[in-house]
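Asks: output the structure for:
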Amino acid sequence: MGCLAKHLDKDDPKVHPIIVKLLSALSTPSQQVQEAVANCLPPLVPAIKEEAPDLIKNLLTKLLDSTVYGERRGAAYGLASLVKGLGILSLKQQNIMSTLQDAIQDKKNYRHREGALLAFELLCHILGRLFEPYIVHVLPHLLLCFGDGNQYVRDATDDTARAMMRNLSAHGVKLVLPSLLKALSEDAWRTKTGSVELLGAMAYCAPKQLSSCLPNIVPRLIEVLTDSHLKVQKAAAQALQHIGSVIRNPEIQAISPILLEALSDPTAKTTEALQVLLMTSFVHVIDAPSLAIIMPIIHRALESRSTETKKMAAQIIGNMYSLTDQKDLNPYLSSVMPGLKQALLDPVPEVRAVSAHALGALVKELGEENCSDLLPWLMETLISESSSVDRSGAAQGLSEVLCGLGFDRLSQLMPDVIAATEKTNLPAHIKEGYLMLYLYLPSTFGAEFTPFIGDIIPSILKGLSDESEFVRDTSLKAGQRIVSQYATTAIEVFLPQLELGLFDDNWRIRISSIQLMGDLLYKISGVTGKMTTEGEEDDNFGTSQSNQAIIDCLGYDRRNRVLSGLYMGRSDVSLPVRQAALHVWKVVVPNTPRVLREILSTLFSLLLGCLASTSHDKRQIAARTLGDLVRKLGERILPEIIPILERGLESSKPDERQGVCIGLSEIIGSTSREQVFLYIDSVIPTVRKALCDPLPEVRACAAQTFNNLYKTIGVKALNDIIPPLLEKLVEPALHENTLDGLRQVMSVRSKEVLPFIIPQLISPPVNTQALASMSSVAGEALTDHLSDILPALLSCISQASDEQQLTHDLENSRTLVLSIQDDRGTQIVLDVLMKYSKDESVLMRKAAVNLLCSYCTSTKADLLQYTPPLLHSVLSRFNDSDSEVIEISWNALSAVTKRLQPPDQIQHIPHVRRAVKYISEDLQDKADLPGFCIAKKGITPLLPIFREGILNGSPDVKQDAAEGLGQVIQLTSATALRPSVVSITGPLIRILGDRFSWNVKVAVLQTLGLLLVKVGAVLKPFLPQLQTTFIKALNDPNKLVRQQASSALQHLVKLHSRVDPLFTELHNGVRNTEDNQIRETMQQALRGIVLNVGHKMGETVRQNLTTTLLSFQSHAEENIRVATAGCLGALATIVPDEELVNIVNTDTLVSDATVEWTLRHGRALTMSALFYDCPERLLQLSIFNSLLQLANTLSSNDR
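Replies: Here you go, the predicted structure:
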């Protein structure tokens, strides 16, 4: 009836009675009836619009106050229908919402709360999404009602919550969810419980909304499971059960109780849940509720420490993602990805492998755009410095991800990877990371990876030669993986690269290429390379079947090349390469001699190529292989090899000629004496020619060949090869090459060759160049011939026809003597040279001293024990008749003393003194020693020795050093001394400033005095220090010290321009000292100074000094009276005539007998000094006769 009425006009009189009937039917306690009325009523409402407010009031009254549940629910249906008919605005216009909110907050009447909840439920049901804006306002009341004390209210709340959630749109979810999640953080347990129950009710959302809200809801519900309030925990468990109840996947439905237990008790139940999931065979699509329960379990498992747990979680992800909808998966990506990344870096390889597979499956399902940060992270981790495990996991993960993205993405990335692995300047950890990709990409891509194999093999081989061990290991594993996987499908691609690697210059690449080649041959032949191959060198373990399998797969030509390379590896210069090659050879080759005969042609072709190689290792390998072939196949191949080698020596390629020598050397070393003699007529000319080759490397190799030949045929090699070489020395065109050839022979056979060639080289004309060339390689064998060689060299030098020849012979002779470094040889060299340095011939002396100087200057031998004779020998030449000999000897002395360390210098002071004394005795009438008088050189070689003795020696050594220095200074000219004055004077002054014994001071003062006599003017900068030092020494208790100081001061005063301070200081000393011995010495010094520079003395100073001296005429001690008279006599030479006459008249001519005899004695001494110092002056003065008369009178005195 209601459905029909909506087709009537709203003004039709039939409509109103129908509406009344429908409204009365709402009181029927039947949901079907009430729902049918609610569905028919909205279109009819416009007909009763004016009556609507009254109807709404009636319905609200019945809704809130009726005691019959069916009537209240019918009223709720009717209210919702009227609102739908009037429009959503009527909720506000008719105060419906405010009335319902007041009712739901009524704490006294549960029917009001229940009625309001019924209204909200049916408003949500009938209005659908139109009611969404009001849900936010209703939620706080719902949260409270979940914990209501009345069961009817709680039941109504559950129904209302389901109705709300069932009709939520995506926007509605966004409005509702934040407030519910926030409520979980409240302290009130009722609020928490309500929020949990509402969240549980969200399980009834539409499937589209479920997929967006459940990823946020379930983790929070899991958190609440551990709440302190039991009712909150119970509500969370029920909410999770609500979510589990809407699962549509049959497989998950069956195991949902176990999954829910894992969520409630993760510690005990996670592993069981994972195992159940792994054992479950999924047929249906996994829906959003299923994911909501599964993913938290997986997330927790990935964060577990258990290896097995992480592995199961990764396996489940890898298996599950193909059965899920992408939009359902996306929300979980951010929570699962960190765990997968962490599992990818797990130390356990199985976990890494499963995690990598899971990532690959995930990316394949979601696409690169949804995992945009995954590839950059993998690339970054691939080259990180953290650990090799991390790089391995990243490589494995990247391989699986690339596989998921497809071949095109791999093609884009591989050029960059290949370029990176071929760079030489990359750090080891980056290279290893990229190389690890080669370990996993073949497994993930299979046959699709074949196009890249040819490009990556070179970089793998380069990695095999890396300095870093872990880079080499990774490269080897990658190579083995490729060989193992593509041995039958891509052999044409990588075998040529391995063949090249067998002959690479780097031994690491060679050994790795052999290992990889072995793996390939094992794979082809069906044998295992893990068997032991201990036994004799030529014991083989291969079979005819395996050999035939290799031929069938590779063909004869390639089989021959591969086996030839392996056989050459058996003779490699590197032991690990030899061992690896021998192992592979034994495993795959059934019979060595037979296989060698089969591959001989190919092998010989490779050998010749390697013999001609620029690589030294290749030539050595080829030569050793050749020797091995000769030992194994003997006479069968010698007739073929020898002519080839002879022709090879005619080649214009130096490397090929060098290879011929290496090969010939190995053949001779591997062949019996009888076989060598069969081909001796070809071998000897070949060796002789090679020794004169223009290329030094060829000559060096030829010398080794000669060595092997000598070992085999003995002295015949010397007789047939050396004499022709010596004859060629006179040919200018061949001289240099031949000489070097002889030198190379000497380097390997010096003891045998030297006695053979020395007599010829030292016979006139002496071949100094040849001798010098031989000496560098002759070693100690040359020592036995030095007694013959050195005189010949000296004779040659002394007889040089011109300056150019002299320089040439001298330089060669120096080269020879400097090559002698052993003790015995050093002694012979020094003995011979020192002997000839005394030769009667000037030219011989010059030659000997020249070589001696060169030897002392440049030799590395220890000459310390030979220093005394060297010093004596070299210093003895300082008085030579030839100036050049003297100058060279000076250089030799400088070289000898420079080699001495300070402690050793002190030990040689006596030797220097003896040598100087010895040579000074031969000077005859010469005042200076010529060797000490060389301009700008002087005595500088000896100064360090004396200086060290003076400064750091014992007192006796200091005295010896000072006296020795004085001895040398005495023999040196002033001109030669000048450059050394500063270095001499400083140490001497320092010694006098310290407390040393009198004998040291005497020696030092004596030396300083000598210096002042020789080069006084040069010492002027030291004048203050010297004056202070000498005056201090005048006060020394020792008389010899005072006398030397007095003497030195008398020399020093000549440098003074202002002498008054000095006279004043001496005057004060004479007057004030209490020690008469010191006074006497000071007076003696004063007398000498007055005689030298008294004329510079000021008048006042002079008069004061005269007065003081006159007072000492009557001194009690005679020596003072004598010294005083001497000073007055010296003063008489400088005072004016009037002053002299006055002194004589007043203090000398008085001869009163009553005066004390000491005064009369003092005056007599003064008169004597006057007659001694200035007789001519006295003759001119009037007092002369009076003095004579006084002298006669005093001479008759009784004392």
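
Asks: show the subsequent helix or strand relative to the helix or strand in which residue 267 is found.
Replies: Assigned by DSSP states H and E, residue 267 falls within helix 266-279. Following helix 266-279 in sequence order, the next helix or strand is helix 288-302 (DSSP H and E).

Asks: quick one: that following helix to helix 266-279, angle?
Replies: 120 degrees (axes from the mean of the first three to the mean of the last three CA atoms, to 10 degrees).

Asks: what's downstream of helix 288-302, the next helix or strand?
Replies: Downstream of helix 288-302 (by DSSP H and E), the next one is helix 307-320.

Asks: thinking again about what came up before, and the helix holding residue 267, how far from the chain's centre?
Replies: 51 Å (CA atoms, centre = their mean, to the nearest Å).

Asks: can I get it in PDB? Just the C-alpha atoms.
Replies: Extracted as PDB, the C-alpha positions of helix 266-279 are listed here (Å, rounded to 0.1, in the frame of the first residue of the first chain):
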ATOM      1  CA  PRO A 266      53.000 -13.200  20.700                       C
ATOM      2  CA  THR A 267      55.900 -14.600  22.700                       C
ATOM      3  CA  ALA A 268      54.400 -18.100  22.900                       C
ATOM      4  CA  LYS A 269      52.300 -18.300  19.800                       C
ATOM      5  CA  THR A 270      54.100 -16.400  17.000                       C
ATOM      6  CA  THR A 271      56.200 -19.400  15.900                       C
ATOM      7  CA  GLU A 272      53.100 -21.700  15.800                       C
ATOM      8  CA  ALA A 273      51.100 -19.200  13.800                       C
ATOM      9  CA  LEU A 274      54.000 -18.800  11.300                       C
ATOM     10  CA  GLN A 275      54.300 -22.600  10.900                       C
ATOM     11  CA  VAL A 276      50.500 -22.900  10.400                       C
ATOM     12  CA  LEU A 277      50.600 -20.100   7.800                       C
ATOM     13  CA  LEU A 278      53.500 -21.800   6.000                       C
ATOM     14  CA  MET A 279      51.700 -25.200   5.900                       C
END
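
Asks: show me the chain divided up by domain.
Replies: 247-350, 749-861 (the TED database).

Asks: closest to residue 976 out of those domains?
Replies: Nearest of the domains of the chain to residue 976, taken as CB to CB: domain 749-861 at 19.5 Å. Just so you know, the C-beta spots here come from the backbone N, C-alpha and C atoms, and that holds for glycine as well.

Asks: how long is that closest one end to end?
Replies: 24 Å (CA to CA, to the nearest Å).

Asks: tell me if I am right that residue 694 is in a helix.
Replies: No: assigned with DSSP: H, G, I helix; E, B strand; the rest coil, residue 694 falls outside any helix and is coil.

Asks: that one: what's it in contact with?
Replies: With contact set as CB atoms under 8 Å, 6 or more residues apart in numbering, residue 694 has these partners: 654, 737.

Asks: give me phi/psi at it?
Replies: In terms of degrees, to the nearest 10, the main-chain angles of residue 694 are phi -60, psi -20.

Asks: do the one 10 residues further on as well
Replies: Backbone torsions of residue 704, given as degrees, to the nearest 10, read phi -60, psi -40.

Asks: next one: residue 324
Replies: Torsion angles, degrees, to the nearest 10, at residue 324: phi -120, psi 160.

Asks: and it, what does it touch?
Replies: 285, 286, 291, 365.

Asks: where do the strands sit along the stretch 501-650 of the chain?
Replies: Using DSSP state E, counting those that start in this stretch, no strands are found in the stretch 501-650 of the chain.

Asks: so where do the helices sit in it?
Replies: Assigned by DSSP state H, counting those that start in this stretch, the stretch 501-650 of the chain shows helices spanning 507-525, 544-554, 556-569, 575-588, 592-611, 616-633, 638-648.

Asks: residue 990 and residue 958 touch, don't they?
Replies: No: between residue 990 and residue 958 there is no contact under CB atoms under 8 Å: 10.9 Å.

Asks: the more surrounded of those two?
Replies: residue 958 (27 against 14; other CB atoms under 10 Å).

Asks: tell me the pLDDT of residue 577.
Replies: We have a pLDDT of 90 for residue 577.

Asks: what's the burial count for it?
Replies: Residue 577 has 26 nearby residues by other CB under 10 Å.

Asks: could you do residue 672 as well?
Replies: Residues near residue 672, counting by other CB under 10 Å: 13.

Asks: what's the closest of the helices of the stretch 501-650 of the chain to residue 1034?
Replies: Short answer: helix 616-633, nearest of the helices of the stretch 501-650 of the chain by CB to CB, at 80.2 Å.

Asks: what's the angle between that closest one and helix 575-588?
Replies: Helix 616-633 runs at 40 degrees relative to helix 575-588, counting by the same axes, to 10 degrees.

Asks: mind giving me the packing neighbours of helix 616-633?
Replies: Packing partners of helix 616-633 (3 or more CB pairs under 8 Å, 6 or more residues apart in numbering; DSSP states H and E): helix 556-569, helix 592-611, helix 638-648, helix 654-670.

Asks: dump the residue contacts of the nearest residue to residue 105 once chain neighbours are set aside.
Replies: Leaving aside its chain neighbours, residue 105 sits nearest to residue 141 (6.9 Å; criterion: CB to CB, 6 or more residues apart in numbering). Residue 141 is in contact with 101, 104, 105, 116, counting by CB under 8 Å, 6+ apart.

Asks: among those residues, which two are most distant?
Replies: The widest separation within those (CB to CB) is 8.5 Å, between 105 and 116.

Asks: okay, these two: which has more neighbours?
Replies: Set residue 105 next to residue 116 and count neighbours by other CB under 10 Å: residue 116 wins out with 29 against 13.

Asks: pLDDT score for the more buried one?
Replies: 87.

Asks: also residue 221?
Replies: 67.

Asks: residue 1081 contacts residue 1046, doesn't it?
Replies: Yes: with contact defined as CB under 8 Å, residue 1081 counts as touching residue 1046 (5.7 Å).

Asks: give me the common contacts of those two.
Replies: Joint contacts of residue 1081 and residue 1046 (CB under 8 Å, 6+ apart) are residue 1034.

Asks: re earlier: just among the contacts of residue 324, which is most surrounded?
Replies: residue 291 (26 neighbours).

Asks: excluding its backbone neighbours, what's nearest it?
Replies: residue 328 (5.6 Å).

Asks: these two touch, right, the one you found and residue 289?
Replies: No: here residue 328 does not reach residue 289: they are 9.7 Å apart, not a contact under CB under 8 Å.

Asks: so which of these two has more stuff around it?
Replies: Using other CB under 10 Å as the criterion, residue 328 and residue 289 rank with residue 289 on top: 26 against 23.

Asks: the more buried one and residue 316: what is the separation?
Replies: Computed as CB to CB, to the nearest Å, the residue 289 to residue 316 distance reads 17 Å.

Asks: for residue 893, same thing?
Replies: For residue 893, the distance to residue 316 - CB to CB - is 94 Å.
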